[in-house]
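Q: Fold the following for me, if possible:
(2 chains)
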Amino acid sequence: QKEVEQDPGPLSVPEGAIVSLNCTYSNSAFQYFMWYRQYSRKGPELLMYTYSSGNKEDGRFTAQVDKSSKYISLFIRDSQPSDSATYLCAMSDGGGSNYKLTFGKGTLLTVNP
Amino acid sequence: IAGITQAPTSQILAAGRRMTLRCTQDMRHNAMYWYRQDLGLGLRLIHYSNTAGTTGKGEVPDGYSVSRANTDDFPLTLASAVPSQTSVYFCASSAVLGAGELFFGEGSRLTVL
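A: Modelled structure (predicted):
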């Protein structure tokens, strides 16, 4: 089993739809959970950052972490064409000498006007 | 605000040649990283540096070397390039190793023939 699994898509939705992006993981040491957005031919940029379990909301974006199920989600409400990008989940065990940050392979999202 | 600057943006290289990808940050971050991104494989860590003068191996370090002579610069060297090193290379930095937001450069697209 890979350490982080992410459905690569592609995912195509109409403008205004609610989008759900998900990752599962196997390493119970992961404590920090991130979602990065990557536009075509650009570097990834941080979208959401959460620690441990729970929800975090930022505008149209909501990140959920369920450590008991080893499952994280990113919800996008009222999706816009400008949300079209690849979304990468990333997880860390907390840094220091045991540093390890692992990325999912990314989900390609297209929001159609 | 420049953030992370990578050079070159794109390069075609003959196999066996030596190549150095340059990375400079202006955020005074302690930690810096080199990733390669390949279709179907996602982002994979090559090398990282916790602070000036120290470096560490990531997931796929073979064939690559790095140095961290000062806080701002983190060059990646391919001593003798091979076609399997054809990839998009991203430099990133964070304030602290393994925690917090990673800031990425725009990438260096390398083709080894």
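Q: and the closest residue to chain A within chain B, how many neighbours does it have?
A: Proximity of chain B to chain A (CB to the nearest CB) peaks at B:Gly98, 2.7 Å away. Glycine gets a C-beta too; all of them are placed from N, C-alpha and C. Using other CB atoms under 10 Å in any protein chain shown, B:Gly98 has 21 neighbouring residues.
Q: Repeat that for A:Glu45.
A: Using other CB under 10 Å as the criterion, the residues surrounding A:Glu45 number 14.
Q: Tell me what it is bridged to.
A: Beta-bridge pairing of A:Glu45 under DSSP bridges involves A:Arg37.
Q: Distance-wise, check it relative to A:Ser69.
A: Per CB to CB, to the nearest Å, A:Glu45 is found 27 Å from A:Ser69.
Q: any idea which helix or strand comes after the lengthiest strand in chain B?
A: Under DSSP state E, the strand in chain B containing the largest number of residues is strand B:42-51. Per DSSP states H and E, the first helix or strand lying C-terminal to strand B:42-51 is strand B:54-57.
Q: then that following strand to CSV, C-alphas only?
A: What follows is strand B:54-57, C-alpha atoms only, in CSV (Å, rounded to 0.1, in the frame of the first residue of the first chain):
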residue,chain,number,x,y,z
THR,B,54,23.7,20.9,6.4
THR,B,55,22.0,18.7,3.8
GLY,B,56,20.1,15.5,3.8
LYS,B,57,18.9,12.8,1.4
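Q: how about it: buried residues?
A: Residues of strand B:54-57 classed as buried: B:Thr55 (neighbour count, 16 or more other CB atoms under 10 Å in any protein chain shown).
Q: Across the sheet, point out what pairs with the residue nearest in space to the middle of chain B.
A: Computing the C-alpha centroid of chain B and ranking residues by CA atoms, centre = their mean puts B:Trp34 first, at 2.9 Å. With DSSP bridges as the criterion, B:Trp34 is bridged to B:His47, B:Cys91.
Q: so it touches B:His47, yeah?
A: Yes: at 5.2 Å, B:Trp34 counts as touching B:His47 under the criterion of CB atoms under 8 Å.
Q: Now for those two: what residues contact both?
A: B:58, B:64, B:66, B:76 (CB atoms under 8 Å, 6 or more residues apart in numbering or on different chains).
Q: contacting residues for the last one?
A: So that's B:Leu76. Per CB under 8 Å, 6+ apart, neighbours of B:Leu76: B:20-21, B:23, B:34, B:46-47, B:64-66, B:89, B:91.
Q: Run through the bridge partners of it.
A: Beta-bridge partners, per DSSP bridges, of B:Leu76: B:Leu21, B:Val66.
Q: And stretch B:23-38, end to end?
A: The straight-line separation of the ends of stretch B:23-38 (CA to CA, to the nearest Å) is 19 Å.
Q: Then stretch A:94-112?
A: Taking CA to CA, stretch A:94-112 runs 38 Å from one end to the other.
Q: if you average pLDDT over it, what comes out?
A: Average pLDDT, stretch A:94-112: 81.
Q: Likewise for stretch A:79-88?
A: Mean pLDDT, stretch A:79-88: 97.
Q: try stretch B:42-61
A: pLDDT averaged over stretch B:42-61 gives 93.
Q: got the end-to-end distance for that stretch?
A: Span of stretch B:42-61 from end to end, CA to CA: 16 Å.
Q: Any chance you could list what contacts that stretch?
A: A:44, A:88, A:99, A:101, A:103-106, B:30-38, B:64-71, B:74, B:76, B:89-90, B:97.
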